[in-house]
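S.K.: What follows is a protein structure lacking sequence information:
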(Lines give C-alpha, C1' and ligand atoms only; values in the text may rest on other atoms or scores of the structure.)
Protein backbone atom coordinates (compact mmCIF):
# COMPACT_ATOMS: atom_id res chain seq x y z
CA UNK A 1 0.00 0.00 0.00
CA UNK A 2 1.43 3.35 -1.07
CA UNK A 3 1.67 5.95 1.68
CA UNK A 4 1.03 9.58 0.83
CA UNK A 5 2.81 12.42 2.58
CA UNK A 6 0.53 14.31 4.97
CA UNK A 7 -0.95 17.50 3.62
CA UNK A 8 0.98 20.47 5.05
CA UNK A 9 -0.74 22.53 7.75
CA UNK A 10 -2.88 25.40 6.52
CA UNK A 11 -2.51 28.96 7.79
CA UNK A 12 -4.85 31.70 6.61
CA UNK A 13 -3.87 35.33 6.15
CA UNK A 14 -6.82 37.71 5.95
CA UNK A 15 -6.13 41.22 4.64
CA UNK A 16 -8.29 43.70 6.56
CA UNK A 17 -6.23 46.88 6.70
CA UNK A 18 -8.09 48.97 4.12
CA UNK A 19 -9.67 52.29 5.04
CA UNK A 20 -12.76 51.90 2.86
CA UNK A 21 -12.93 55.56 1.81
CA UNK A 22 -15.84 54.95 -0.57
CA UNK A 23 -18.01 53.62 2.27
CA UNK A 24 -18.22 57.20 3.61
CA UNK A 25 -18.34 55.88 7.15
CA UNK A 26 -16.40 56.13 10.40
CA UNK A 27 -16.78 52.36 10.76
CA UNK A 28 -13.88 50.29 9.36
CA UNK A 29 -15.00 48.68 6.12
CA UNK A 30 -14.62 45.09 7.33
CA UNK A 31 -16.98 45.79 10.26
CA UNK A 32 -19.92 46.67 8.04
CA UNK A 33 -22.43 43.83 8.17
CA UNK A 34 -24.03 41.37 5.81
CA UNK A 35 -26.64 39.04 7.24
CA UNK A 36 -26.13 40.57 10.69
CA UNK A 37 -22.43 39.66 10.80
CA UNK A 38 -19.37 41.81 9.97
CA UNK A 39 -17.80 41.20 6.57
CA UNK A 40 -14.65 39.99 8.30
CA UNK A 41 -16.70 37.60 10.43
CA UNK A 42 -17.96 35.80 7.34
CA UNK A 43 -14.41 35.38 6.06
CA UNK A 44 -13.14 34.09 9.41
CA UNK A 45 -16.05 31.62 9.58
CA UNK A 46 -15.10 30.19 6.16
CA UNK A 47 -11.47 29.95 7.24
CA UNK A 48 -12.44 28.03 10.39
CA UNK A 49 -14.39 25.51 8.30
CA UNK A 50 -11.10 24.64 6.59
CA UNK A 51 -9.56 23.57 9.88
CA UNK A 52 -6.78 26.14 9.59
CA UNK A 53 -3.90 25.81 12.05
CA UNK A 54 -3.90 29.60 12.50
CA UNK A 55 -5.78 32.62 11.17
CA UNK A 56 -3.73 35.80 10.83
CA UNK A 57 -5.59 39.08 10.34
CA UNK A 58 -3.69 42.04 8.92
CA UNK A 59 -5.16 45.32 10.20
CA UNK A 60 -4.38 48.97 9.61
CA UNK A 61 -6.96 51.77 9.60
CA UNK A 62 -8.62 51.88 13.04
CA UNK A 63 -7.33 48.38 13.65
CA UNK A 64 -8.11 48.62 17.37
CA UNK A 65 -11.82 48.70 16.51
CA UNK A 66 -11.45 45.59 14.38
CA UNK A 67 -9.57 43.79 17.15
CA UNK A 68 -12.18 44.81 19.72
CA UNK A 69 -14.99 43.45 17.53
CA UNK A 70 -13.34 40.00 17.55
CA UNK A 71 -11.89 39.97 21.05
CA UNK A 72 -11.78 36.56 22.65
CA UNK A 73 -11.40 34.74 19.34
CA UNK A 74 -8.34 32.67 18.48
CA UNK A 75 -6.81 35.06 15.96
CA UNK A 76 -3.28 36.31 15.34
CA UNK A 77 -3.01 40.01 14.53
CA UNK A 78 -0.50 41.79 12.32
CA UNK A 79 -0.37 45.53 11.63
CA UNK A 80 0.21 47.16 8.26
CA UNK A 81 1.17 50.67 9.33
CA UNK A 82 1.57 51.94 5.76
CA UNK A 83 -0.73 50.99 2.89
CA UNK A 84 1.89 49.83 0.39
CA UNK A 85 -0.11 47.19 -1.45
CA UNK A 86 -1.36 43.64 -1.05
CA UNK A 87 2.09 42.07 -1.25
CA UNK A 88 3.31 44.32 1.56
CA UNK A 89 0.20 43.47 3.61
CA UNK A 90 0.76 39.70 3.38
CA UNK A 91 4.42 40.20 4.32
CA UNK A 92 3.37 41.71 7.67
CA UNK A 93 1.80 38.39 8.74
CA UNK A 94 4.48 36.01 7.45
CA UNK A 95 6.91 36.30 10.41
CA UNK A 96 4.37 34.33 12.48
CA UNK A 97 3.74 31.70 9.78
CA UNK A 98 5.61 28.37 9.85
CA UNK A 99 7.79 27.54 6.85
CA UNK A 100 6.14 24.16 6.32
CA UNK A 101 2.63 25.64 6.07
CA UNK A 102 0.47 26.41 3.09
CA UNK A 103 -0.66 30.02 3.19
CA UNK A 104 -4.17 30.87 2.01
CA UNK A 105 -4.67 34.59 1.37
CA UNK A 106 -8.22 35.91 1.87
CA UNK A 107 -9.72 39.38 2.02
CA UNK A 108 -11.78 40.81 4.85
CA UNK A 109 -14.09 42.60 2.42
CA UNK A 110 -14.90 39.50 0.32
CA UNK A 111 -17.54 37.96 2.61
CA UNK A 112 -19.33 35.40 0.44
CA UNK A 113 -16.39 33.12 -0.34
CA UNK A 114 -17.46 29.56 0.45
CA UNK A 115 -15.37 27.04 2.35
CA UNK A 116 -16.09 24.44 -0.36
CA UNK A 117 -14.45 26.67 -2.98
CA UNK A 118 -11.42 27.22 -0.76
CA UNK A 119 -11.02 23.51 -0.12
CA UNK A 120 -10.86 22.86 -3.86
CA UNK A 121 -8.32 25.67 -4.23
CA UNK A 122 -5.96 24.63 -1.41
CA UNK A 123 -6.01 21.02 -2.62
CA UNK A 124 -4.12 22.21 -5.70
CA UNK A 125 -1.29 23.79 -3.72
CA UNK A 126 1.94 21.97 -2.83
CA UNK A 127 5.61 22.52 -2.16
CA UNK A 128 6.22 23.32 -5.84
CA UNK A 129 2.76 24.52 -6.81
CA UNK A 130 0.63 27.52 -6.07
CA UNK A 131 -3.09 27.89 -6.74
CA UNK A 132 -5.04 30.99 -7.70
CA UNK A 133 -8.79 31.57 -7.71
CA UNK A 134 -10.09 33.22 -10.87
CA UNK A 135 -13.51 34.28 -12.15
CA UNK A 136 -15.05 34.97 -15.55
CA UNK A 137 -16.21 38.56 -15.05
CA UNK A 138 -19.17 40.04 -16.88
CA UNK A 139 -17.42 43.41 -16.56
CA UNK A 140 -13.68 43.04 -15.95
CA UNK A 141 -13.04 46.80 -15.81
CA UNK A 142 -10.59 47.65 -13.06
CA UNK A 143 -9.65 44.03 -12.36
CA UNK A 144 -6.40 42.13 -12.86
CA UNK A 145 -6.43 39.93 -15.99
CA UNK A 146 -5.19 36.34 -16.04
CA UNK A 147 -2.49 35.69 -18.64
CA UNK A 148 -2.10 32.07 -19.75
CA UNK A 149 0.50 30.31 -21.88
CA UNK A 150 -0.24 28.14 -24.92
CA UNK A 151 -0.89 25.12 -22.72
CA UNK A 152 -3.50 27.05 -20.73
CA UNK A 153 -1.44 27.48 -17.56
CA UNK A 154 -1.56 30.86 -15.80
CA UNK A 155 1.76 32.63 -16.17
CA UNK A 156 1.03 36.13 -14.86
CA UNK A 157 -1.62 38.57 -13.66
CA UNK A 158 -1.63 42.05 -15.12
CA UNK A 159 -3.43 44.87 -13.33
CA UNK A 160 -5.85 47.10 -15.25
CA UNK A 161 -3.60 50.16 -15.09
CA UNK A 162 -0.67 48.18 -16.45
CA UNK A 163 -2.59 46.18 -19.08
CA UNK A 164 -2.35 46.66 -22.84
CA UNK A 165 -5.52 47.23 -24.90
CA UNK A 166 -5.39 43.57 -25.97
CA UNK A 167 -5.00 42.32 -22.42
CA UNK A 168 -7.96 44.45 -21.33
CA UNK A 169 -10.16 42.31 -23.59
CA UNK A 170 -9.52 39.27 -21.36
CA UNK A 171 -12.59 38.41 -19.24
CA UNK A 172 -10.91 36.00 -16.84
CA UNK A 173 -9.89 38.04 -13.83
CA UNK A 174 -8.04 37.64 -10.57
CA UNK A 175 -10.07 37.23 -7.38
CA UNK A 176 -6.96 37.98 -5.31
CA UNK A 177 -7.41 34.74 -3.38
CA UNK A 178 -4.49 32.34 -3.63
CA UNK A 179 -2.68 29.54 -1.85
CA UNK A 180 1.10 29.16 -1.78
CA UNK A 181 3.78 27.29 0.20
CA UNK A 182 4.96 29.60 2.99
CA UNK A 183 8.70 29.17 2.41
CA UNK A 184 8.44 30.02 -1.29
CA UNK A 185 5.96 32.84 -0.66
CA UNK A 186 8.43 34.44 1.72
CA UNK A 187 11.08 34.49 -1.02
CA UNK A 188 8.75 35.89 -3.67
CA UNK A 189 7.40 38.66 -1.45
CA UNK A 190 10.96 39.74 -0.69
CA UNK A 191 11.59 40.04 -4.43
CA UNK A 192 8.61 42.31 -5.16
CA UNK A 193 9.20 45.86 -6.36
CA UNK A 194 6.79 48.82 -6.66
CA UNK A 195 7.60 49.35 -10.34
CA UNK A 196 4.04 49.74 -11.56
CA UNK A 197 1.37 52.36 -12.20
CA UNK A 198 0.29 52.53 -8.55
CA UNK A 199 3.76 52.34 -6.99
CA UNK A 200 2.69 49.41 -4.78
CA UNK A 201 3.93 45.93 -3.96
CA UNK A 202 1.42 43.74 -5.84
CA UNK A 203 0.75 40.27 -4.45
CA UNK A 204 -0.24 39.30 -7.99
CA UNK A 205 3.38 39.70 -9.16
CA UNK A 206 4.33 36.50 -7.34
CA UNK A 207 2.64 34.51 -10.13
CA UNK A 208 5.30 35.50 -12.65
CA UNK A 209 8.02 34.94 -10.01
CA UNK A 210 6.68 31.45 -9.32
CA UNK A 211 6.69 30.60 -13.04
CA UNK A 212 10.26 31.86 -13.33
CA UNK A 213 11.24 29.57 -10.43
CA UNK A 214 9.74 26.56 -12.20
CA UNK A 215 6.69 26.30 -9.91
CA UNK A 216 3.40 25.04 -11.27
CA UNK A 217 0.57 27.57 -11.19
CA UNK A 218 -2.82 25.90 -10.86
CA UNK A 219 -6.12 27.70 -11.04
CA UNK A 220 -9.66 27.19 -9.84
CA UNK A 221 -12.41 29.08 -11.66
CA UNK A 222 -15.27 30.13 -9.41
CA UNK A 223 -18.69 29.97 -11.05
CA UNK A 224 -20.52 32.56 -8.94
CA UNK A 225 -19.07 35.97 -9.70
CA UNK A 226 -20.55 37.49 -6.54
CA UNK A 227 -18.82 34.88 -4.39
CA UNK A 228 -15.54 36.74 -4.88
CA UNK A 229 -16.86 40.28 -5.13
CA UNK A 230 -15.24 42.70 -2.71
CA UNK A 231 -17.19 45.44 -0.97
CA UNK A 232 -15.94 48.93 -1.78
CA UNK A 233 -19.13 50.98 -1.38
CA UNK A 234 -22.64 50.77 0.05
CA UNK A 235 -24.07 49.78 -3.33
CA UNK A 236 -21.92 46.65 -3.40
CA UNK A 237 -22.73 46.01 0.26
CA UNK A 238 -26.45 46.04 -0.56
CA UNK A 239 -25.90 43.86 -3.62
CA UNK A 240 -24.07 41.21 -1.60
CA UNK A 241 -26.67 41.39 1.19
CA UNK A 242 -29.39 40.42 -1.27
CA UNK A 243 -27.21 37.69 -2.78
CA UNK A 244 -26.44 36.34 0.69
CA UNK A 245 -30.13 36.33 1.61
CA UNK A 246 -31.02 34.56 -1.65
CA UNK A 247 -28.45 31.91 -0.79
CA UNK A 248 -29.93 31.43 2.69
CA UNK A 249 -33.57 31.24 1.60
CA UNK A 250 -32.65 28.76 -1.11
CA UNK A 251 -31.30 26.48 1.62
CA UNK A 252 -34.55 26.87 3.56
CA UNK A 253 -36.73 26.11 0.56
CA UNK A 254 -34.72 23.00 -0.28
CA UNK A 255 -35.23 21.71 3.26
CA UNK A 256 -39.02 22.08 3.02
CA UNK A 257 -39.71 25.46 4.60
CA UNK A 258 -42.61 27.37 3.01
CA UNK A 259 -41.74 31.00 2.25
CA UNK A 260 -44.61 33.13 0.98
CA UNK A 261 -42.14 35.43 -0.76
CA UNK A 262 -38.48 34.35 -0.68
CA UNK A 263 -37.36 37.87 -1.59
CA UNK A 264 -38.89 39.30 1.60
CA UNK A 265 -37.26 37.28 4.36
CA UNK A 266 -34.02 38.36 6.04
CA UNK A 267 -31.82 35.98 8.04
CA UNK A 268 -29.26 37.83 10.15
CA UNK A 269 -27.77 34.97 12.09
CA UNK A 270 -28.49 31.27 12.49
CA UNK A 271 -31.96 29.93 11.72
CA UNK A 272 -32.99 26.31 12.31
CA UNK A 273 -36.37 25.07 11.08
CA UNK A 274 -38.31 21.85 11.63
CA UNK A 275 -40.84 20.32 9.26
CA UNK A 276 -43.85 22.15 7.82
CA UNK A 277 -42.72 25.59 8.91
CA UNK A 278 -44.45 28.50 7.16
CA UNK A 279 -42.99 32.02 7.01
CA UNK A 280 -44.88 34.98 5.59
CA UNK A 281 -43.45 38.19 4.09
CA UNK A 282 -41.16 40.82 5.63
CA UNK A 283 -39.95 38.57 8.45
CA UNK A 284 -36.55 39.18 10.06
CA UNK A 285 -34.58 36.61 12.06
CA UNK A 286 -31.64 37.85 14.14
CA UNK A 287 -29.06 35.98 16.19
CA UNK A 288 -29.92 32.34 16.92
CA UNK A 289 -33.52 31.34 16.19
CA UNK A 290 -35.13 27.88 16.22
CA UNK A 291 -38.56 27.19 14.75
CA UNK A 292 -39.86 23.73 15.57
CA UNK A 293 -42.32 21.65 13.50
CA UNK A 294 -45.54 23.26 12.24
CA UNK A 295 -44.64 26.77 13.36
CA UNK A 296 -46.36 29.56 11.44
CA UNK A 297 -44.86 33.06 11.30
CA UNK A 298 -47.08 35.90 10.07
CA UNK A 299 -46.00 38.99 8.13
CA UNK A 300 -43.80 41.80 9.50
CA UNK A 301 -42.51 39.74 12.43
CA UNK A 302 -39.06 40.11 14.04
CA UNK A 303 -37.65 37.19 16.05
CA UNK A 304 -34.31 37.52 17.81
CA UNK A 305 -32.41 34.86 19.82
CA UNK A 306 -35.50 32.79 20.59
CA UNK A 307 -36.94 29.30 20.29
CA UNK A 308 -40.50 28.84 19.06
CA UNK A 309 -42.12 25.52 19.97
CA UNK A 310 -44.03 23.21 17.65
CA UNK A 311 -47.45 24.25 16.44
CA UNK A 312 -47.10 27.82 17.64
CA UNK A 313 -48.59 30.66 15.61
CA UNK A 314 -46.95 34.08 15.60
CA UNK A 315 -49.30 36.59 14.03
CA UNK A 316 -48.52 39.80 12.16
CA UNK A 317 -46.34 42.64 13.44
CA UNK A 318 -45.04 40.88 16.55
CA UNK A 319 -41.57 41.24 18.09
CA UNK A 320 -39.99 38.36 20.01
CA UNK A 321 -36.54 38.68 21.57
CA UNK A 322 -34.52 36.42 23.88
CA UNK A 323 -37.59 34.34 24.68
CA UNK A 324 -38.52 30.67 25.09
CA UNK A 325 -41.89 29.68 23.63
CA UNK A 326 -43.24 26.16 24.07
CA UNK A 327 -45.72 24.25 21.89
CA UNK A 328 -49.13 25.36 20.59
CA UNK A 329 -48.84 28.95 21.74
CA UNK A 330 -50.55 31.89 20.04
CA UNK A 331 -48.73 35.24 19.84
CA UNK A 332 -50.00 38.48 18.37
CA UNK A 333 -50.89 40.31 16.29
CA UNK A 334 -48.87 43.30 17.54
CA UNK A 335 -47.45 41.44 20.53
CA UNK A 336 -44.04 42.01 22.10
CA UNK A 337 -42.09 39.40 24.04
CA UNK A 338 -39.10 41.05 25.69
CA UNK A 339 -35.97 39.29 26.99
CA UNK A 340 -36.54 36.66 29.66
CA UNK A 341 -40.06 35.73 28.59
CA UNK A 342 -41.11 32.08 28.85
CA UNK A 343 -44.41 30.79 27.51
CA UNK A 344 -45.54 27.29 28.48
CA UNK A 345 -47.60 25.01 26.22
CA UNK A 346 -50.80 26.56 24.92
CA UNK A 347 -50.19 30.04 26.34
CA UNK A 348 -51.74 32.97 24.48
CA UNK A 349 -50.40 36.50 24.16
CA UNK A 350 -52.71 38.69 22.15
CA UNK A 351 -52.71 42.04 20.40
CA UNK A 352 -50.89 44.98 21.99
CA UNK A 353 -49.60 42.86 24.87
CA UNK A 354 -46.08 43.24 26.23
CA UNK A 355 -44.43 40.53 28.33
CA UNK A 356 -41.05 41.14 29.99
CA UNK A 357 -38.92 38.75 32.05
CA UNK A 358 -41.98 36.71 32.98
CA UNK A 359 -43.23 33.13 32.93
CA UNK A 360 -46.70 32.49 31.50
CA UNK A 361 -47.97 29.06 32.52
CA UNK A 362 -49.67 26.34 30.52
CA UNK A 363 -52.91 27.47 28.91
CA UNK A 364 -52.77 30.95 30.40
CA UNK A 365 -54.03 33.94 28.42
CA UNK A 366 -53.17 37.61 28.18
CA UNK A 367 -55.30 38.48 25.21
CA UNK A 368 -55.12 42.23 24.76
CA UNK A 369 -53.77 45.61 25.81
CA UNK A 370 -51.78 44.48 28.86
CA UNK A 371 -48.28 44.67 30.33
CA UNK A 372 -46.87 41.77 32.37
CA UNK A 373 -43.36 42.36 33.68
CA UNK A 374 -41.24 40.55 36.30
CA UNK A 375 -44.06 38.11 36.94
CA UNK A 376 -44.65 34.41 37.40
CA UNK A 377 -48.07 33.42 36.07
CA UNK A 378 -49.36 29.92 36.77
CA UNK A 379 -51.45 27.61 34.63
CA UNK A 380 -54.85 28.47 33.12
CA UNK A 381 -54.80 32.05 34.31
CA UNK A 382 -56.91 34.66 32.49
CA UNK A 383 -55.57 38.20 32.52
CA UNK A 384 -58.10 40.73 31.25
CA UNK A 385 -57.58 43.69 28.93
CA UNK A 386 -55.72 46.70 30.26
CA UNK A 387 -54.04 44.83 33.13
CA UNK A 388 -50.58 45.94 34.20
CA UNK A 389 -48.08 44.67 36.72
CA UNK A 390 -46.65 47.74 38.47
CA UNK A 391 -43.18 46.29 38.91
CA UNK A 392 -41.01 49.40 39.20
CA UNK A 393 -40.96 52.04 41.93
CA UNK A 394 -38.49 54.25 40.11
CA UNK A 395 -35.47 52.56 41.70
CA UNK A 396 -36.10 48.83 42.19
CA UNK A 397 -38.00 46.08 40.35
CA UNK A 398 -40.47 43.85 42.25
CA UNK A 399 -42.15 40.57 41.40
CA UNK A 400 -45.81 39.68 40.85
CA UNK A 401 -47.00 36.10 41.37
CA UNK A 402 -50.33 34.94 39.94
CA UNK A 403 -51.09 31.35 40.83
CA UNK A 404 -52.96 28.64 38.90
CA UNK A 405 -56.53 29.31 37.84
CA UNK A 406 -56.64 32.96 38.88
CA UNK A 407 -58.88 35.39 36.99
CA UNK A 408 -57.72 38.98 36.69
CA UNK A 409 -60.45 41.40 35.59
CA UNK A 410 -59.87 44.08 33.00
CA UNK A 411 -58.13 47.36 33.80
CA UNK A 412 -56.43 45.98 36.90
CA UNK A 413 -53.19 47.32 38.38
CA UNK A 414 -51.18 44.74 40.37
CA UNK A 415 -48.73 46.69 42.54
CA UNK A 416 -45.70 44.50 43.15
CA UNK A 417 -44.58 42.81 45.29
CA UNK A 418 -47.91 41.03 45.36
CA UNK A 419 -49.33 37.50 45.09
CA UNK A 420 -52.74 36.46 43.75
CA UNK A 421 -53.63 32.99 45.03
CA UNK A 422 -54.97 29.91 43.28
CA UNK A 423 -58.41 30.30 41.69
CA UNK A 424 -58.68 33.80 43.13
CA UNK A 425 -60.65 36.48 41.27
CA UNK A 426 -59.79 40.15 40.96
CA UNK A 427 -62.63 42.46 39.98
CA UNK A 428 -62.27 44.72 36.97
CA UNK A 429 -60.84 48.17 37.59
CA UNK A 430 -59.06 47.17 40.79
CA UNK A 431 -55.74 48.34 42.16
CA UNK A 432 -54.31 45.41 44.12
CA UNK A 433 -51.45 46.18 46.52
CA UNK A 434 -52.02 43.38 49.07
CA UNK A 435 -51.90 39.62 48.60
CA UNK A 436 -55.10 37.85 47.56
CA UNK A 437 -55.72 34.47 49.19
CA UNK A 438 -56.73 31.32 47.32
CA UNK A 439 -60.33 31.28 46.09
CA UNK A 440 -60.98 34.86 47.29
CA UNK A 441 -62.60 37.68 45.34
CA UNK A 442 -60.69 40.94 45.64
CA UNK A 443 -62.08 44.30 44.59
CA UNK A 444 -59.99 47.39 45.07
CA UNK A 445 -61.78 50.27 43.42
CA UNK A 446 -63.44 53.51 44.55
CA UNK A 447 -67.15 53.44 45.38
CA UNK A 448 -69.34 54.62 42.51
CA UNK A 449 -71.41 57.75 43.07
CA UNK A 450 -74.37 58.76 40.90
CA UNK A 451 -75.24 62.47 41.30
CA UNK A 452 -78.83 63.32 40.49
CA UNK A 453 -79.63 66.49 38.61
CA UNK A 454 -76.03 67.26 37.67
CA UNK A 455 -75.70 69.81 34.90
CA UNK A 456 -72.96 69.76 32.33
CA UNK A 457 -70.93 72.94 32.03
CA UNK A 458 -71.80 75.22 29.11
CA UNK A 459 -69.45 77.27 26.98
CA UNK A 460 -69.04 80.84 28.18
CA UNK A 461 -69.86 83.66 25.73
CA UNK A 462 -66.71 85.68 25.07
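M.R.: Okay, I see it. Here the structure is a predicted model, which is why all the values come from computation and not from measurement. Residues are numbered from 1 along each chain as shown.
S.K.: Let's test this: mean pLDDT of stretch 23-32, rounded?
M.R.: Averaged across stretch 23-32, pLDDT comes to 95.
S.K.: Likewise for stretch 136-146?
M.R.: The predicted model assigns stretch 136-146 a mean pLDDT of 91.
S.K.: Quick check: buried residues in that stretch?
M.R.: For stretch 136-146, the neighbour count (16 or more other CB atoms under 10 Å) marks 137, 140, 143-146 as buried. All C-beta atoms are positioned from the backbone trio N, CA, C, and that covers glycine.
S.K.: so where is the chain shaky, pLDDT-wise?
M.R.: Applying pLDDT under 70 to the chain flags the ranges 1-6, 462.
S.K.: can you list the domain ranges for it.
M.R.: Following automatic domain parsing, the chain resolves into domains at 10-228, 234-442.
S.K.: and which of the buried residues of stretch 136-146 is nearest to residue 341?
M.R.: The closest of those to residue 341 turns out to be residue 137 (CB to CB; 49.4 Å).
S.K.: Confirm for me that residue 259 is in contact with residue 250.
M.R.: No. With contact defined as CB atoms under 8 Å, residue 259 does not reach residue 250; the gap is 10.0 Å.
S.K.: Compare the two and say which is more crowded by neighbours.
M.R.: Neighbours were counted for residue 259 and for residue 250 using other CB atoms under 10 Å; residue 259 has more, 19 against 12.
S.K.: Phi and psi next, for that one.
M.R.: Note on residue 259: backbone dihedrals following degrees, to the nearest 10 are phi -120, psi 120.
S.K.: That one and residue 373: what is the separation?
M.R.: The spacing between residue 259 and residue 373, counted by CB to CB, to the nearest Å, is 34 Å.
S.K.: just residue 280 next, same as before
M.R.: According to CB to CB, residue 280 and residue 373 sit 29 Å apart.
S.K.: same thing with residue 34?
M.R.: Residue 34 is 35 Å from residue 373, where distance means CB to CB.
S.K.: Show me how far stretch 48-61 is from its chain's centre.
M.R.: 19 Å (CA atoms, centre = their mean, to the nearest Å).
S.K.: Any idea how far apart the tips of that stretch sit?
M.R.: Stretch 48-61 has an end-to-end distance of 24 Å (criterion: CA to CA, to the nearest Å).
S.K.: Give me the phi and psi for the closest residue to residue 28 other than its chain neighbours.
M.R.: Nearest residue to residue 28, sequence neighbours excluded (CB to CB, 6 or more residues apart in numbering): residue 62, at 4.8 Å. Per-residue torsions, residue 62: phi 50, psi 40 (degrees, to the nearest 10).
S.K.: same question, residue 83
M.R.: Dihedral pair for residue 83: phi -90, psi 90, per degrees, to the nearest 10.
S.K.: Check the gap between residue 312 and residue 372 for me.
M.R.: 18 Å.
S.K.: Which one's more surrounded, the two?
M.R.: Ranked by neighbour count (other CB under 10 Å), residue 312 and residue 372 place residue 372 first, with 28 against 24.
S.K.: Provide the contact partners of whatever helix or strand the more buried one lives in at residue level.
M.R.: If you go by DSSP states H and E, residue 372 is part of strand 371-373. Applying CB atoms under 8 Å, 6 or more residues apart in numbering, the contact partners of strand 371-373 are 338, 353-358, 360, 366, 383, 387-389, 391-392, 397, 400.
S.K.: Quick one: distance of that strand to the chain centre.
M.R.: Distance of strand 371-373 from the chain centroid (CA atoms, centre = their mean) equals 29 Å.
S.K.: so what's residue 125 up against?
M.R.: Contacts of residue 125 by CB under 8 Å, 6+ apart are 102, 131, 179-181, 218.
S.K.: Now it: closest residue in space that isn't a chain neighbour?
M.R.: residue 179 (3.9 Å).
S.K.: Would you mind finding the longest helix in the chain?
M.R.: With secondary structure taken from DSSP state H, the chain has its longest helix at helix 234-254.
S.K.: which parts of that helix are buried?
M.R.: Neighbour-count burial for helix 234-254, with 16+ other CB under 10 Å as criterion, is recorded at 236-237, 240-241, 243-245, 247-249, 252.
S.K.: cool, and stretch 36-46?
M.R.: Neighbour counts over stretch 36-46 (16+ other CB under 10 Å) mark 36-44, 46 as buried.
S.K.: what about residue 383, how many neighbours?
M.R.: By other CB under 10 Å, the residues close to residue 383 number 31.
S.K.: can you check residue 288 too?
M.R.: Around residue 288 there are 13 other residues, counting by other CB under 10 Å.
S.K.: Quick check: closest non-adjacent residue to it.
M.R.: Distances taken as CB to CB, 6+ apart place residue 270 nearest to residue 288, at 4.9 Å, with adjacent residues excluded.
S.K.: packing partners for the helix or strand where the one you found lies?
M.R.: Residue 270 belongs to strand 265-273 when assigned by DSSP H and E. If contacts are counted by 3 or more CB pairs under 8 Å, 6 or more residues apart in numbering; DSSP states H and E, strand 265-273 sits against helix 234-254, strand 283-291.
S.K.: follow-up on the earlier one: let's see the ChimeraX selection covering just the buried ones among the contacts of strand 371-373.
M.R.: Selection command for ChimeraX covering only the buried members of these, criterion 16+ other CB under 10 Å:
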select :338,353,354,355,356,357,358,360,366,383,387,388,389,391,400
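S.K.: List the contacts of residue 228.
M.R.: By CB under 8 Å, 6+ apart, the residues touching residue 228 are 110, 112-113, 133, 135, 175-177, 222.
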